[in-house]
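Colleague: predicted model follows, preceded by the sequence.
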Amino acid sequence: MNLFASFMRTFVPVVAGLLLTLLVRIGVDFDSASVASVVTTVLTGAYYTAFRLLENLAVRIRSRPLATVAGILLGWAAPPDYPGATRQARPAVPRSP
């Protein structure tokens, strides 16, 4: 289930970036495929960043409906949970005398 949630949270923003790019492209003639790629990348990054920040804000202010909406717009209603991925303390490295 976590792999699917992670996939959806990546795939949905990419599709959203593509759709936003297509909307921008209406009436605008791009001469270069590389320009279109850059626009897609920037719009996708902006989309993901905006809704990820909104999701974090919603968690901090304890607004579950807002967090759910932001999550859905990222492709999955909640961030993926990676059990066992908590940060563990590094073992101490012995110092040489």
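Modeller: Structure received. Numbering: from 1, shown residues only.
Colleague: rest of the way, CA atoms for contacts and neighbours
Modeller: OK.
Colleague: Ser63: how many residues sit nearby?
Modeller: 12 (other CA atoms under 10 Å).
Colleague: now do it against Val39, distance only.
Modeller: When distance is defined by CA to CA, to the nearest Å, Ser63 is 32 Å away from Val39.
Colleague: before we move on, what about Pro13?
Modeller: Note on Pro13: its distance to Val39, by CA to CA, is 14 Å.
Colleague: so those two - more neighbours on which side?
Modeller: Neighbour count, other CA under 10 Å: between Pro13 and Val39, Pro13 has more, with 22 against 19.
Colleague: name the helix or strand for Phe4, please.
Modeller: If you go by DSSP states H and E, Phe4 is part of helix 2-25.
Colleague: against which helices or strands is that helix packed?
Modeller: Secondary-structure packing of helix 2-25 (3 or more CA pairs under 8 Å, 6 or more residues apart in numbering; DSSP states H and E): helix 33-60.
Colleague: could you tell me the angle between the helix it packs on and helix 2-25?
Modeller: Counting by axes from the mean of the first three to the mean of the last three CA atoms, to 10 degrees, helix 33-60 points 130 degrees away from the direction of helix 2-25.
Colleague: which residues touch the next helix or strand after helix 33-60?
Modeller: The element immediately downstream of helix 33-60 (helix or strand, assigned by DSSP H and E) is helix 64-73. Contacting residues not belonging to helix 64-73 are listed as 12-13, 51-52, 54-56, 58-59, 77-79 [CA atoms under 8 Å, 6 or more residues apart in numbering].
Colleague: and if you look at stretch 43-54?
Modeller: 13-14, 16-18, 20-21, 66-67, 70-71, 73-74.
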